[in-house]
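> model this:
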Amino acid sequence: MDCIAVAVGTAHGIYVYEPKIDFVRLAELQQAATVPMVMHGGSGTPDDLIRKSVAHGICKLNIFSEMLAAFYGSMKTELNAAEHLAIWPHTANEKPIQALQAVVRQKMQLLGSVGRA
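Residues are numbered from 1 along each chain as shown. This next block holds a predicted model:
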C-alpha cells in the first residue's frame, strides 16, 4: 500500500526540544491526500500532539528511536547489574525486550489500536 510521509514539524530521532507540529498544514494535507499519511519522528512526541495528529489524518506513527532508547536503556541497566561477565544473551535481552514491548503497548493504547488487528 502506498503512503505519504508528511513534513509537518517532526523529524527522526529523539527531540532536544518539543516538536512544533503545523496542524494547519496537516489539515490541508489531510484534505488533499489520497493515500494514508505517515508521521516520521513520533519518538518523543507528546501524547496530546500524537492524538491531535491522528485526528488530523495520521495513520502510521514511527517510534523506532523511542523503542531503541527503551531497549538499550534497559540493556545498560541489566549489564551494569550483572555480577560477572558471563551473561547469556537470552538472559540479557529479556528485560530490554520487555521495555521495548512496553513502549509499543503504550502507543497502541494511546492510539486505540489494541485488539484491532
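
> so residue 9 touches residue 19, yeah?
Yes: using Cβ atoms under 8 Å, residue 9 is in contact with residue 19, at 5.2 Å. Any C-beta I mention is one placed from the backbone N, CA and C, and that applies to glycine too.

> Centre of the chain to the lengthiest helix in the chain, how far?
When the chain is parsed with DSSP state H, its longest helix is helix 89-111. Here the centre of helix 89-111 is set off from its chain's centre by 12 Å, with Cα atoms, centre = their mean, to the nearest Å.

> tell me the secondary structure for the residue lying farthest from the centre of the chain?
Most distant from the centre of the chain: residue 84, at 33.7 Å, with distances by Cα atoms, centre = their mean. Secondary structure for residue 84, judged by DSSP: H, G, I helix; E, B strand; the rest coil, is coil.

> and the closest residue to residue 93 other than its chain neighbours, what does it touch?
Nearest residue to residue 93, sequence neighbours excluded (Cβ to Cβ, 6 or more residues apart in numbering): residue 75, at 7.6 Å. Listed by Cβ atoms under 8 Å, 6 or more residues apart in numbering, the contact set of residue 75 reads 92, 93, 96.

> Residue 87 now?
78, 79.

> Would you mind measuring from it to residue 25?
To residue 25, residue 87 is 48 Å away according to Cβ to Cβ, to the nearest Å.

> Same question for residue 75.
Taking Cβ to Cβ, one finds residue 75 at 38 Å from residue 25.

> so where's this structure uncertain?
Counting by pLDDT under 70, the ranges of the chain that qualify are 85-86.

> Output the residue ranges of the helices in it, listed in chain order.
Going by DSSP H, the chain shows helices at 23-32, 47-55, 64-81, 89-111.

> Report the spatially closest residue to residue 10, excluding sequence-adjacent ones.
Residue 10 sits nearest to residue 41 (Cβ to Cβ, 6+ apart), 3.2 Å away.

> Fine, thanks again, bye for now.
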